[in-house]
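**Q** attaching a predicted model along with its sequence, questions to come.
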Amino acid sequence: MDDTTPPPPPEEQAPPPPPPATHTGSPTDFLKGVVGKRVIVRLTSGVDYRGVLSCLDGYMNIALEQTEEHVNGIVTNRYGDAFIRGNNVLYISAAEVI
Amino acid sequence: MLIFSVFKTLTDQQVTVELKNDLSITGVLKSVDQFLNIRLDSIKVLDEARHPHMMAVKNCFIRGSVVRYVQLPSEHVDTQLLEDATRRESLAAVKR
Amino acid sequence: MESTIQEPFDLIRLSLSERVFVKLRGDRELTGILHAYDGHMNLIMSDVEERIMLVEGIDVGPPGQGATVKVATRKMDMLFVRGDGVILVSPPSRT
């Protein structure tokens, strides 16, 4: 129960950014790398979509294959293909090594 | 642009506009603009008991952003034409 | 004939004149035949069935089953759907 390291680093001052520990590359590089891979897409509503990322565009509109819809950890739907409108996307997370 | 054109072809037809606040208004489509703002004439609110303040209103302007659905007269919609126009527009968007 | 998908909208274009499933904000779902769309995901569909999920009561229970859900259904002939309410569009399964 020591609080020597609070979880999110505060960004009050802006020192030179530390080098990323695990991965180099911009958000764009991440998105390029994750196409064709299994991903988890979380919407702002809290609903998750797990599937293979077919492609995405600059609005973060997303095409997924073999998609499972998860609500509170329960599979609520399956879609062969799914188009997700980008404004609903909170994040895209890689579900396998990229 | 395509959908704007569709609405223009439906002027003087009767449509039902359902708003995001669940109010449904039937009326004659008088005009539409590029934002899909809509002007309706001879309007009638679906559930008047629930919206008594609307009873005296005969025409209205609806901001496009508050629209959820518009029910269209299907006999005045050429679906084949729509699909062809949509394919053309989407291909043009990619080439750009 | 299966052209590859290069951008998300290709998925929608390949669904024209097919019956699609649409998930909307406000716990609404539609199925209907897709005739037109644009870059905002404004849609025009025919032979539409809408399902509205109404949460009845919030009881305690296992996660995800905490509330009973009632479904209201209605049919519409020809419908314009404003794109800003769209969450997800799924074409008919092509398996």
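**A** Ah, there it is. Residues are numbered from 1 along each chain as shown, chains lettered A, B, ... in the order given.
**Q** mind exporting stretch B:68-79 as PDB, just the C-alpha atoms?
**A** Once non-C-alpha atoms are left out, stretch B:68-79 reads as follows in PDB (Å, rounded to 0.1, in the frame of the first residue of the first chain):
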ATOM      1  CA  ARG B  68     -33.500  10.300 -36.500                       C
ATOM      2  CA  TYR B  69     -35.600   8.900 -39.400                       C
ATOM      3  CA  VAL B  70     -37.600  10.200 -42.300                       C
ATOM      4  CA  GLN B  71     -40.300   7.800 -43.600                       C
ATOM      5  CA  LEU B  72     -40.500   8.200 -47.300                       C
ATOM      6  CA  PRO B  73     -43.300   7.400 -49.800                       C
ATOM      7  CA  SER B  74     -41.800   4.200 -51.400                       C
ATOM      8  CA  GLU B  75     -43.800   4.600 -54.600                       C
ATOM      9  CA  HIS B  76     -41.700   7.700 -55.300                       C
ATOM     10  CA  VAL B  77     -38.300   6.200 -54.600                       C
ATOM     11  CA  ASP B  78     -36.600   4.400 -57.500                       C
ATOM     12  CA  THR B  79     -34.400   2.000 -55.600                       C
END
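**Q** now check that stretch, is it near chain A?
**A** No: Stretch B:68-79 is not in contact with chain A by C-beta under 8 Å from any C-beta of the partner chain; minimum separation 15.0 Å. For every residue, glycine as well, the C-beta is placed using N, CA and C.
**Q** got any ranges where chain A has weak pLDDT?
**A** A:1-23 (pLDDT under 70).
**Q** please, where are all the strands along it?
**A** Assigned by DSSP state E, chain A shows strands spanning A:38-43, A:48-56, A:62-71, A:74-84, A:89-94.
**Q** with mean neighbour count and distance to chain C added, can I get these in TSV?
**A** TSV is the format used below for the strands of chain A (neighbours: other C-beta atoms under 10 Å in any protein chain shown; distance: least, C-beta to the nearest C-beta, whole Å):
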stretch	mean neighbour count	distance to chain C
strand A:38-43	19	7
strand A:48-56	21	5
strand A:62-71	20	4
strand A:74-84	19	4
strand A:89-94	15	10
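**Q** so which of those is nearest C:Asn42?
**A** strand A:74-84 (13.8 Å; C-beta to C-beta).
**Q** walk me through which strands the closest one pairs with, and which way each runs.
**A** strand A:62-71 (antiparallel), strand C:86-90 (antiparallel) (DSSP bridges).
**Q** show the average pLDDT along the shortest one.
**A** Taken as a whole, strand C:86-90 carries a mean pLDDT of 98.
**Q** what lies in contact with it?
**A** Strand C:86-90 is contacted from outside by A:43, A:45, A:49, A:67, A:79-85, A:88, C:11-12, C:15, C:20-25, C:41, C:43, using C-beta atoms under 8 Å, 6 or more residues apart in numbering or on different chains.
**Q** the most centrally placed residue in chain B pairs with what?
**A** Nearest to the mean C-alpha position of chain B, counting by C-alpha atoms, centre = their mean, stands B:Val70 at 4.6 Å. Beta-bridge partners of B:Val70, counted by DSSP bridges, are B:Val17, C:Phe80.
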